[in-house]
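# I would like to see how this sequence folds:
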Amino acid sequence: MSQTGRFLLTSLLLVATAFAADRTKPELSEPEPWVAKSVQSFKLSNGLPVYVYPKPGPALVSLQTLVTKGWADDPNGQAGLTHLLGSVLEEGAGGREALALAEALELLGADLSVWTDHHGMGLSLDVTTDQFDAAAAIFRDVLLKPDFPEAEIERAKNRYVNGLIAAYDEVGRIGRTVFFNQIYGAEHPYGQLPSRGWPQYRALTRDQLRAFHRAHFHAGNMAMVVSGALSAAEVKTKLEALFGSIPAKEATAGVVPKPPKEGKRRIVLVDKPGAAQSYLGLGHLGVPLDSPDYYAVQVMNTILGGTFASRLNQNIREENGYAYNAYSYFVNRLGVGPFYARSDVQTDATAAAVGEFFNEFTRMRKDLSEDDVRRAKNYLTLGYPGSFARVDQITGTYIDLLGKRRPVTMPETYTRAVNAVTLKDVRAAANKYLKPKNMLVVVVGDRAKVEAELKALKLGKVTVASIEQALGEKPSVE
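As a prediction, this is how the structure comes out:
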């Protein structure tokens, strides 16, 4: 072989050796956890707080306003006033009828909606950046200058009572209403029976709506959140022009109800003859929002019933075929919300399914692994950036935090806080916050087919009620 040939062969061998070395797997480092940017904040000249989360990209903007008055703040003798107010707020404002408002928003490509809950109400606006000023002017009229037309008030009342009547035939709505009523009691804002408040709702007047609006829709009771393709400086200029003249008054404290005493384990069976399925709702009082165990509870519930792959769903759906799904929640409320597990199961599997729920509650308190915790934390942290994918999701996230009086810095610390949860923390949370001995079990189903087997479980007293005994007398349409 010539010297040139030997040189080429040697070179090829060296290159091959180098490539072989390159095929060794490099060390993999843990991905950096996603962290939300810091929300920017300022106050308008009237003291109204504004939070801005710029999101460069598509020319879209979301504006949401929180008014810190909700169903729990209804005046005595005026049950449902805040609900009715929210129902008619956008049905005529600034001298324009509902249809004219809807057409104006449609021409701008804008979406405006109103919501109410136990402790707040609000408006949301989604629109392109170039149409923001015009759409926000309509938003301002709806927020500050509602006309409360008498005809729209009557229509809203009719929609409400028709919804109440329909609920008497919907197993899920019956079950949820009875569950919250039994946990909290009829005098607590979370446990009130809507049917029993209907006479007061029906009697509400336009003057009462206007008086409540004048008293509570001011800068002291509001907060605004904006996200999208606008800078904080641009937002401040625009919102000052639109909302800087809202009266500056002292905030009026909203009602934060105290939780009731924990009840004993018992079953409430609501008879629905001929029901093809049984609704199951199981639970008890949950966890205060400011609990130091908040994140451990979130991880624990993710394992128990927070996902499709959770223990409850794997047991009830996959292993036993009793239902399409089974989930559990620790419901977040400004007051203490409940722990709530639920499913709709085959009638002939009602008692067996209840037994499996209790088996999983007990197993959570004893049988946990590092892998369980790791997978739950991955589910929570890797999915969390999805809450910031759209501008309306971003504003909704911060409005929810403000409404529940939580720090607006929580998105910045969420991933770190979840990842800090340990197996020991989750085990302690399961033993502290899952309380089989205090569990309320609500069953809505065919009494003739399920009562005997439910009693055989020996979980405590079984109380049987008709639908009207459980929900109150069905309202009538006059």
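
# Could I get the contacting residues of Arg265?
Residues in contact with Arg265 (C-beta atoms under 8 Å, 6 or more residues apart in numbering) are Pro436, Lys437, Asn438, Met439, Leu440, Val441, Leu459, Gly460. Bear in mind the C-beta positions are built from the backbone N, C-alpha and C, glycine included.

# Now do the strands in the chain.
Per DSSP state E, the chain carries strands over the ranges 40-43, 49-54, 60-67, 92-93, 96-97, 111-116, 121-128, 222-228, 266-271, 277-285, 323-330, 338-346, 440-445, 461-466.

# Which two among the contacts of Arg265 are spaced furthest apart?
Pairwise distances across those (C-beta to C-beta) peak at 12.4 Å, for the pair Lys437 and Val441.

# which of these two has more neighbours?
Val441 (24 against 10; other C-beta atoms under 10 Å).

# Surely Val336 touches Gly286?
Yes: in terms of C-beta atoms under 8 Å, Val336 counts as a neighbour of Gly286; the distance is 6.1 Å.

# quick revisit: okay if I get the contacts of Arg265 as CSV plus pLDDT and distance to Leu164?
CSV is the format used below for these (pLDDT from 0 to 100; distance: C-beta to C-beta, whole Å):
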residue, pLDDT, distance to Leu164
Pro436, 96, 34
Lys437, 96, 35
Asn438, 97, 30
Met439, 98, 29
Leu440, 98, 23
Val441, 99, 25
Leu459, 97, 31
Gly460, 96, 30
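
# Go through those and say which is closest to Ser38.
Set against Ser38, the nearest of the contacts of Arg265 by C-beta to C-beta is Asn438 (40.7 Å).

# from memory that closest one sits against Lys261, does it?
No: counting by C-beta under 8 Å, Asn438 sits too far from Lys261 to count as a contact (10.0 Å).

# Give me the more crowded residue out of the two.
Asn438 (15 against 6).

# now that one: how far from Ala93?
47 Å (C-beta to C-beta, to the nearest Å).

# do Gly306 as well
Using C-beta to C-beta, Gly306 is found at 40 Å from Ala93.

# follow-up on the earlier one: as a markdown table, the strands of the chain with distance to Thr409 would be great.
Formatted as a markdown table, these follow (distance: least, C-beta to C-beta, whole Å):
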| stretch | distance to Thr409 |
| --- | --- |
| strand 40-43 | 11 |
| strand 49-54 | 11 |
| strand 60-67 | 17 |
| strand 92-93 | 35 |
| strand 96-97 | 40 |
| strand 111-116 | 24 |
| strand 121-128 | 21 |
| strand 222-228 | 14 |
| strand 266-271 | 41 |
| strand 277-285 | 28 |
| strand 323-330 | 21 |
| strand 338-346 | 27 |
| strand 440-445 | 36 |
| strand 461-466 | 45 |
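
# So for Asp141, which of these sits nearest?
So among the strands of the chain, strand 92-93 is nearest, using C-beta to C-beta, at 4.4 Å.

# and that closest one, how far out from the chain's middle?
Offset of strand 92-93 from its chain centre (C-alpha atoms, centre = their mean, to the nearest Å): 29 Å.

# what's that strand packed up against?
Applying 3 or more C-beta pairs under 8 Å, 6 or more residues apart in numbering; DSSP states H and E, one finds that strand 92-93 makes contact with helix 98-107, helix 132-144.

# These: which one's closest to Thr302?
It's helix 132-144; of the helices and strands packed on strand 92-93, that one is closest to Thr302 (C-beta to C-beta) at 36.7 Å.

# still on that earlier bit, of all the strands of the chain, which one is nearest Glu32?
strand 49-54 (20.2 Å).

# Each with direction, which strands does that closest one pair with?
Each strand paired with strand 49-54, and its direction, by DSSP bridges: strand 40-43 (antiparallel), strand 222-228 (parallel).

# Thank you kindly, that will do.
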